[in-house]
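Student: give me coordinates for this.
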Amino acid sequence: MNIYVLVKRTFDTEEKIVISGGAIQEDGAEFIINPYDEYAIEEAIKVRDSEGGTVTVITVGNDESEKQLRTALAMGADQAVLINAEEDVEDLDQFSVATILAAHLKEQDVDLIFAGNVAIDGGSGQIGPRLAELLDINYVTTITGFELNGRDVKIVRDVEGDSEEITTSLPLLVTAQQGLNEPRYPSLPGIMKAKKKPLEELELDDLDLDEDDVEPKIKTVEVFLAPEKQAGRVLEGEIRDQARELISLLRSEAKVI
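Tutor: Presented below is the predicted three-dimensional model:
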């Protein structure tokens with residue numbers, strides 16, 4: 001079974017975001033595998049261990065992305081593919097990335113694709129569904145349960161605090177939600193083995209793509225931090241007086257009525 005996992009390099013969740021000149025500053029920042037992608041990697045490894053096959057992790061990034069791919073290999077993936085978009089990687093949108101991934105995966109024998117539900121930096125959740133549409137395969141998002149039986153798959157999917165069960169079939173793309181599993185940590189032997197596992201590096205030219213094919217459909221106009229949260233105010237006095245003051249504040253300061 002040929003299993004692929006989409007991986008993205010993101011800021012460490014503990015990093016403090018600094019914006020200068022209308023852009024997020026990356027100097028000195030720590031980067032990790034997008035946490036939701038770790039659930040995808042773990043589930044892919046579990047399926048491979050029970051059903052056989054190969055787990056390939058794949059990312060669209062730059063030279064710096066090799067570190068995250070090596071981490072995924074240390075977790076237990078078999079091989080990796082880095083599609084190097086070089087300095088243009090920060091300018092790519094969801095359309096661009098899905099198009100690049102599809103150009104490569106259309107040439108592969110794909111049975112199953114795992115991806116994170118969202119990336120913690122952008123949070124759009126579009127890459128997986130867009131890629132599935134381009135590959136013309138089934139897809140299910142925000143899964144919290146996965147059971148494979150031959151070519152049939154039974155899935156539990158998170159739906160706004162509840163869940164639903166879905167039955168579908170391979171080839172299939174799914175996006176992993178928190179609760180699907182508990183991702184493993186790379187072991188020391190795994191880290192040592194990862195150094196020798198194959199990591200293929202491709203460029204857009206290798207995929208018969210040029211810049212016009214992956215030109216972003218979205219333009220970032222401005223990047224800014226959310227305003228600091230103001231301290232709350234405690235209203236005092238009789239309930240009737242508090243109600244009057246609250247209405248006045250909502251009208252004059254909050255301007256919501």
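Student: burial of residue 90, as a residue count?
Tutor: Residue 90: 12 surrounding residues under other CB atoms under 10 Å. For every residue, glycine as well, the C-beta is placed using N, CA and C.
Student: separation between it and residue 143?
Tutor: Distance, residue 90 to residue 143, by CB to CB, to the nearest Å: 29 Å.
Student: equivalent analysis for residue 195, please.
Tutor: 32 Å.
Student: give me the more crowded residue out of these two.
Tutor: residue 143 (24 against 10).
Student: same question for the more buried one, what's its three-state structure.
Tutor: strand (DSSP: H, G, I helix; E, B strand; the rest coil).
Student: quick one: residues contacting it.
Tutor: Contact partners of residue 143, counting by CB atoms under 8 Å, 6 or more residues apart in numbering, are 155-158, 174-177, 180.
Student: in strands only, show me the residues you listed.
Tutor: Secondary structure from DSSP state E places 155-158, 174-176 of the contacts of residue 143 in strands.
Student: which residues in the protein form helices?
Tutor: 35-51, 66-75, 94-105, 127-135, 188-194, 239-252 (DSSP state H).
Student: which stretch in these has the least confidence?
Tutor: Least confidently modelled of the helices of the chain is helix 239-252, at a mean of 92 by mean pLDDT.
Student: give the other helices and strands that that one contacts.
Tutor: Helices and strands touching helix 239-252, by 3 or more CB pairs under 8 Å, 6 or more residues apart in numbering; DSSP states H and E: there are none.
Student: residues contacting it, please?
Tutor: Against helix 239-252 from outside (CB under 8 Å, 6+ apart): 233, 235-237, 256-257.
Student: tell me the two of the ones in strands among the contacts of residue 143 that are most distant?
Tutor: By the measure CB to CB, 156 and 175 form the most distant pair in these, at 13.2 Å.
Student: so those two - more neighbours on which side?
Tutor: Between residue 156 and residue 175, counted using other CB under 10 Å, residue 175 has the larger neighbour count: 27 against 19.
Student: partner residues bridging the more buried one?
Tutor: residue 115 (DSSP bridges).
Student: list the contacts for it?
Tutor: Going by CB under 8 Å, 6+ apart, residue 175 touches 36, 40, 114-118, 125, 128-129, 139-143.
Student: let's see that with 7 Å instead.
Tutor: The contact partners of residue 175, taken as CB atoms under 7 Å, 6 or more residues apart in numbering, are 115-117, 125, 128, 141-143.
Student: next one: residue 49
Tutor: By CB under 7 Å, 6+ apart, residue 49 has no neighbours at all.
Student: how near is it to residue 34?
Tutor: Distance, residue 49 to residue 34, by CB to CB: 23 Å.
Student: now swap in residue 231 and tell me
Tutor: Here residue 231 is placed at a distance of 34 Å from residue 34 (CB to CB).
Student: where does the stretch 51-200 of the chain dip in pLDDT?
Tutor: 87 (pLDDT under 70).
Student: ok, now with 50
Tutor: For the stretch 51-200 of the chain, no stretch has pLDDT under 50.
Student: now render the ones in strands among the contacts of residue 143 as a markdown table, adding distance to residue 189.
Tutor: What follows is these, written out as a markdown table (distance: CB to CB, whole Å):
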| residue | distance to residue 189 |
| --- | --- |
| 155 | 33 |
| 156 | 33 |
| 157 | 35 |
| 158 | 34 |
| 174 | 29 |
| 175 | 30 |
| 176 | 25 |
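Student: which one of those is nearest residue 103?
Tutor: Nearest to residue 103 out of those is residue 175 (CB to CB; 20.4 Å).
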